[in-house]
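> only the shape, not the letters, is given here:
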């Protein structure tokens, strides 16, 4: 019962057994939330550093709560106030934190591979909290767990990811986790936002959202970043909404009990209509709650280089 | 080589003895609640509830019952490395305040498990009292913890293995010699 | 000063010779016999002598970026790799778009260098791609070709003028073929691996579009075009067709493009980051095919040193480029000769007689009588592991660290002098 690894850099590196181990471990952590004391002493005396090079409220808060519920000491290193602005390089920042005896470093970075570089150079446990367009493994895991909790299984589920797949680390982590667990994964979005060679990863591509939605069990909607319009990846928000907004009407071709997921923060009225976001099929808030439990499980299951 | 400390019949007798003693001290059954420590303590707790219900002439379901896993509260997690325990359910499906809780475990040894179990319980609220019942007391305590109810006392630093019908097909307590 | 190399296998692609015999050197020239007893005798038993290797594409970083490499360290690194002549690209600081910088490099090389250093001049002033540089003046100062390497000449009109204008000097124009808009922000080859790693991709077409454009412009102008660092199957096809049509075009590739695929980028090791990026297996195969059928004329290093600190950062932030002097010959031997892609003689021709011919290096690239005595002695049995500690270059950014090689240079002779010896 362990992932047998120091770091969680991406779900690409986990196998089915590892993913099942994580799924099986979440419930005890989630059950802590209903107690009057929502805290266990599991990581007492451990230091968890949140090193965020990119603004994030959701993920950072979720990790902070997760670590605190396991009694770890949590230190936030937001980039604007750190020496990074003075031009300190990533590895030096990491080494400084390690010299302060950080046991876990949770890193969010706008460039892919930054957590890999830290993991290679430090003995602290590195958890990737999203790196560039690469991966966001804990988001992938919480999405996986939420589907598992609601549908009781992953194998055979038809899951559709909608939107900007090209720039989405969430999509990447979802694809790895879901395909490994035997789900059928499809993506839908304009061709300009679908990355090269994605079919090789076992994913079906649909440009037509209505076609893609037929008989799906889960729709995971990705946030569309409005600045992509400037790169000419789609001509206008209006056209994007016309083609890819998930609406009640469009959802009719999906299964009745379809789960609606969104990693947040949502652009209501753009990638998702409000009536869908607020419908009983939406599990967006459950995702947030599960996110804490999943991150607690990850902290528990990783094995930092412990002293002999 | 192993030596049998309790055979199937003796095992059941000790369970009955524990149930009887717990009942005698908790005549007001309405205030009593039983909590088993994962894994074997849960099986024992269920049996003790069965016996107490008979003695009190009530339904088993009338006695509040909970289970408890101490993994996250252990003081030795650092030593496990990759051999971490699978975490089992902790469920306390009743309001603990004003309950006299009897904690059930199979073997009491250093006292560390019970220390952790007390912390788990406390995170659910403030019970009126907590007492401890164990099937075997191995002695060699490392913490100031003593049981209120003991099936059998067998002081030893050798490993004592408890088998239960629920998981091992047979009721038996053995010691390696 | 005279030198005799005894009982050595002599392989000289320049006049198709392969025999065992002696080489005599007097006054820096190869001669048929010595006028008196040799001052020095080298036993060549079991070794192979070939014309000194010519690397037509390297960055020596001096002037301006001496933290990465200098003419002193770079020429020593090259000598260790069996290279006797190196062309240095003009993207120094300042760039080589004026005669004084050419003269500085030549002087520096004469004073501190171990091997021949021939500068390449900028095609356009400042390499900004806007106005032609004073190519005539640069030629007089000693350049062997023009290029804006590191960046393409994006404006087709300027590229046309460059190819046209250089005709009167008989100077090849070396094209760094890259469509800057298509490759913008890219860090590696676009494809399955860039998707997995979440890095922005550089499509092969970013290279091929410019290769294609420049071939058309060479056809239009009759200018001499040399395509630098060919990395894709499509580029090989384009050059092959152009040659068939009679366009004056030649091409080079680098050892990493026939050895590695973008699979090695996997762990975000910036020592696998170069421009053009490592491509896919079918490109590697096409490049080998292009070398075998003569489409690709030269093998060059694109030696691009960068400091450890520059490379040891986020993949996107790390600069493009790898060092190559000390691994080129061994990679050619192990990946092309041992794998029977090229004969030994063909392989050597890509680093000797072919570049000498393309860039008009009279008297070099040959062991014929009267040639300049630049000679590389190869020990085919020399086995070694390429280790960081053994690197002579100032920079250590190589994807081949830890690789096991068999066969390499053991003696490097420039102008009749032994400048390096294992």
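Noted; the coordinates are in hand. Because the structure is predicted, anything quoted here is derived from the model rather than measured.
> could you report the distance from the residue most central in space within chain C to residue C:277?
The centre of chain C sits closest to residue C:300, judged by Cα atoms, centre = their mean, with a distance of 2.2 Å. Applying Cβ to Cβ, to the nearest Å, the value for residue C:300 to residue C:277 is 17 Å. All C-beta spots, glycine's among them, are computed from the backbone N, C-alpha and C.
> same question for residue B:121.
Applying Cβ to Cβ to residue B:121 and residue C:277 gives a distance of 60 Å.
> which one's more surrounded, these two?
Each of residue B:121 and residue C:277 has its neighbours counted (other Cβ atoms under 10 Å in any protein chain shown); residue C:277 has more, 28 against 20.
> contacts only, for that one.
Residue C:277 makes contact with C:186, C:187, C:188, C:189, C:202, C:231, C:262, C:265 under the criterion Cβ atoms under 8 Å, 6 or more residues apart in numbering or on different chains.
> how about 10 Å then?
By Cβ atoms under 10 Å, 6 or more residues apart in numbering or on different chains, the contact list for residue C:277 reads C:183, C:186-191, C:193-194, C:199, C:201-202, C:204, C:206-207, C:231, C:256-257, C:262, C:265, C:320.
> check the residues you listed against chain A, which are close?
C:187, C:189, C:190, C:191, C:193, C:194, C:199, C:201, C:265 (Cβ under 10 Å from any Cβ of the partner chain).
> does stretch A:183-199 reach chain C?
Yes. Using Cβ under 10 Å from any Cβ, stretch A:183-199 reaches chain C at A:194, A:195, A:196, A:197, A:198, A:199.
> verify the contact between the third one and residue C:197 for me.
Spelled out, that is residue A:196. No. Applying Cβ atoms under 10 Å, one finds residue A:196 not in contact with residue C:197, separated by 11.8 Å.
> of these two, who's got more company?
More crowded of residue A:196 and residue C:197, by other Cβ under 10 Å: residue C:197, with 28 against 16.
> all helices for the stretch 201-308 of chain A, in order.
For the stretch 201-308 of chain A, the helices defined by DSSP state H, counting those that start in this stretch occupy A:209-213, A:237-244, A:248-251, A:274-277, A:284-301.
> buried ones in the first one?
Judged by neighbour count (16 or more other Cβ atoms under 10 Å in any protein chain shown), helix A:209-213 contains these buried residues: A:209, A:212, A:213.
> residues near residue C:62, how many?
24.
> tell me the secondary structure for it?
coil (DSSP: H, G, I helix; E, B strand; the rest coil).
> so who does it touch?
C:68-74, C:88, C:92-93, C:104-105, C:108-109, C:112-113, C:117.
> repeat that for residue A:47.
Contacts of residue A:47 by Cβ under 10 Å, 6+ apart are A:67, A:72-75, A:97, A:100-105, A:124.
> just the residues you listed now: which is nearest chain B?
residue A:103 (10.8 Å; Cβ to the nearest Cβ).
> ok, residue C:220 touching residue C:163?
Yes. Counting by Cβ under 10 Å, residue C:220 touches residue C:163, with 7.9 Å between them.
> okay, these two: which has more neighbours?
residue C:163 (26 against 12).
> what's the domain layout of chain A?
A:11-135+A:291-301, A:137-288 (automatic domain parsing).
> including mean pLDDT, could those go into JSON lines?
Formatted as JSON lines, the domains of chain A follow (pLDDT from 0 to 100):
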{"stretch": "domain A:11-135+A:291-301", "mean pLDDT": "92"}
{"stretch": "domain A:137-288", "mean pLDDT": "95"}
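> JSON lines for those, including distance to residue B:100?
Formatted as JSON lines, the domains of chain A follow (distance: least, Cβ to Cβ, whole Å):
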{"stretch": "domain A:11-135+A:291-301", "distance to residue B:100": "19"}
{"stretch": "domain A:137-288", "distance to residue B:100": "35"}
